[in-house]
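In: The sequence isn't on hand, but the structure is:
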């Protein structure tokens, strides 16, 4: 008897450690940069391994059509990611009211799936409703286990530990997809207009910055800085218009970022920084579905945090791998961030920020673009910038001699302080 108890305890410990390992693996799997279908399949596979299951499916609940849409499946020959289980009102209510994992009994099939009989519903042995708070978001359905073992209290407990992660994966996908569709629809409407884009783009820029009180006006200022720099670099009017639009939309992915992280007054944890950094990826997904008259926008949205030495994100690109438009927005974005207050620091004056940018060039930034910023600063402080390109500058006016000094410092950094004579 004692040996049996010890063996059971050892089995439970092995299973507990397996579930804990799965929990540790689910986070990176769920946040990996790839299609949702690939992520859902990976997460389902890890869950099945933890439970010794050979058949399983992950379903997302569609409230509008009252059905469970399959997003990942393993071991069911007749089930694909285009399959769904249609529910009636009574079945949806049964799923919503279910508390914890349920080991399926013969009478449960009609309660949960109605009168429709299919090879999949007939093969199910255990189901787990997935909810975030009180909201039912989907379900995990399990079939056979290795060696035809039964599901018991140990498996129900393991499902209780894993269900929160699975529910959040489905909830985040639902919210992100809904937001992506809404923004993309609005941007498509914008791109179909035959008259001026300016008012609509400014409205989008204002919306992007609205979540964070410290970001108010950021996207508009970046667009104006960037347009002025593009003008200094001799770009055409059409190119300048595209650069301004890219600046106004560069942070569009931040509409998916938790407001609490954006306004956090202390240092971010690595996983929090990753969530904020992913705004480049989410933004790229949003704008890639829209045909803009300015083809550089998707690349700018994704790559404006890349740096010349490859230390940026999300792709660790180097200067030769990114276009001039990306380099311009990168400098404009950084300059405005430096001169703006954040919850964790005060903003720099324009001169201090310009000095820091020169110090970081050419390691981090393109020298021609930084030089164009210095030219634009001179013009704007002298009152020569147009309303469309003139940024709101911080701190006292920079004397022209200081800007000349910075320009010379930039040249010296590029030439290694070498002096050439005839």
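Out: Structure's in. What do you need? Predicted model, so just to flag it, every value in this text is computed and none were measured. Numbers count the residues shown, from 1 in each chain.

In: ok, residue 160 touching residue 99?
Out: No - judged on C-beta atoms under 8 Å, residue 160 makes no contact with residue 99 at a distance of 10.1 Å. Yep, even glycine has a C-beta here, placed from its N, CA and C like the rest.

In: Give the residue from these two that has the larger number of neighbours.
Out: Higher neighbour count among residue 160 and residue 99: residue 160, with 13 against 7, using other C-beta atoms under 10 Å.

In: Which secondary structure state is assigned to the nearest residue to the more buried one once chain neighbours are set aside?
Out: If the residues on either side of it in the chain are set aside, residue 160 comes closest to residue 100, at 6.1 Å by C-beta to C-beta, 6 or more residues apart in numbering. Following DSSP: H, G, I helix; E, B strand; the rest coil, we place residue 100 in the coil state.

In: Backbone dihedrals for residue 67, both of them.
Out: With angles defined as degrees, to the nearest 10, residue 67 sits at phi -150, psi 160.

In: what number of residues lie near it?
Out: When neighbours are counted by other C-beta under 10 Å, residue 67 registers 17.

In: Help me confirm that it comes into contact with residue 83.
Out: No - taking contacts as C-beta under 8 Å, residue 67 lies outside contact range of residue 83: 10.2 Å.

In: what number of residues lie near residue 291?
Out: Neighbours around residue 291, by other C-beta under 10 Å: 10.

In: For it, give its distance to residue 297.
Out: 10 Å (C-beta to C-beta, to the nearest Å).

In: Repeat that for residue 361.
Out: Distance of residue 361 to residue 297, computed by C-beta to C-beta: 25 Å.

In: of these two, who's got more company?
Out: Shown here are residue 361 and residue 297; by other C-beta under 10 Å, residue 297 has more neighbours (28 against 21).

In: can you tell me which residues contact the more buried one?
Out: Taking C-beta atoms under 8 Å, 6 or more residues apart in numbering, we find residue 297 in contact with 242, 245-246, 249, 287.

In: and if you look at residue 243?
Out: Shown in contact with residue 243 (C-beta under 8 Å, 6+ apart): 223, 226-227, 229-230, 235, 296, 325, 328-329.

In: Do a quick rundown of the strands in the stretch 101-250 of the chain.
Out: Along the stretch 101-250 of the chain, counting by DSSP state E, counting those that start in this stretch, strands occupy 102-103, 126-132, 135-142.

In: and the last one, which strands flank it?
Out: Read it as strand 135-142. Within its sheet, strand 135-142 is paired with strand 56-62 (antiparallel), strand 126-132 (antiparallel), according to DSSP bridges.

In: any weak-confidence spans in the stretch 201-350 of the chain?
Out: Residue ranges of the stretch 201-350 of the chain with pLDDT under 70: 203-204, 211-214, 258-266, 344.

In: now the helices for it?
Out: Ranges of helices in the stretch 201-350 of the chain, per DSSP state H, counting those that start in this stretch, are 218-232, 237-249, 259-262, 270-277, 279-287, 297-303, 324-339, 350-359.

In: out of the ones you listed, deepest packed?
Out: By mean neighbour count, with neighbours taken as mean count of other C-beta atoms under 10 Å, helix 218-232 ranks first of those at a mean of 27.

In: Mind giving me the packing neighbours of it?
Out: helix 198-209, helix 237-249, helix 324-339, helix 367-381 (3 or more C-beta pairs under 8 Å, 6 or more residues apart in numbering; DSSP states H and E).

In: Run through who's touching it.
Out: Under the criterion C-beta under 8 Å, 6+ apart, residues 201-202, 205-206, 208-209, 239-241, 243-251, 328-329, 331-333, 335-337, 340, 369, 372-373, 375-376, 379-380, 385, 388-392 lie in contact with helix 218-232.

In: name the element the closest residue to residue 371 other than its chain neighbours belongs to?
Out: Counting by C-beta to C-beta, 6+ apart, residue 410 is the residue found nearest to residue 371 once chain neighbours are left out, at 6.0 Å. Assigned by DSSP states H and E, residue 410 falls within helix 400-415.

In: Let me have the helices and strands packed on helix 218-232 in CSV, extended by distance to residue 277.
Out: Below are these laid out as CSV (distance: least, C-beta to C-beta, whole Å):
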stretch, distance to residue 277
helix 198-209, 16
helix 237-249, 18
helix 324-339, 14
helix 367-381, 22
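
In: Next, the distance between the ends of stretch 304-315.
Out: Distance across stretch 304-315, first residue to last, is 11 Å (C-alpha to C-alpha, to the nearest Å).

In: how deep is residue 94 tucked in, by neighbour count?
Out: Number of residues near residue 94 (other C-beta under 10 Å) recorded here: 19.

In: residues contacting it?
Out: Shown in contact with residue 94 (C-beta under 8 Å, 6+ apart): 111-112.

In: Tell me how far the residue nearest to residue 123 when sequence neighbours are not counted lies from residue 122.
Out: The shortest distance from residue 123 to any non-neighbouring residue, by C-beta to C-beta, 6+ apart, is to residue 143 (4.6 Å). Using C-beta to C-beta, residue 143 is found at 10 Å from residue 122.

In: Between those two, tell me which one has more neighbours.
Out: residue 143 (21 against 11).

In: neighbours of residue 377, just the number please.
Out: Using other C-beta under 10 Å, residue 377 is surrounded by 27 other residues.

In: closest one to residue 59 among the strands of the stretch 101-250 of the chain?
Out: Among the strands of the stretch 101-250 of the chain, the nearest to residue 59 by C-beta to C-beta is strand 135-142 (4.8 Å).

In: So which bits of the closest one are buried?
Out: For strand 135-142, burial by neighbour count (16 or more other C-beta atoms under 10 Å) applies to 136-142.

In: Perfect, I'm done here.
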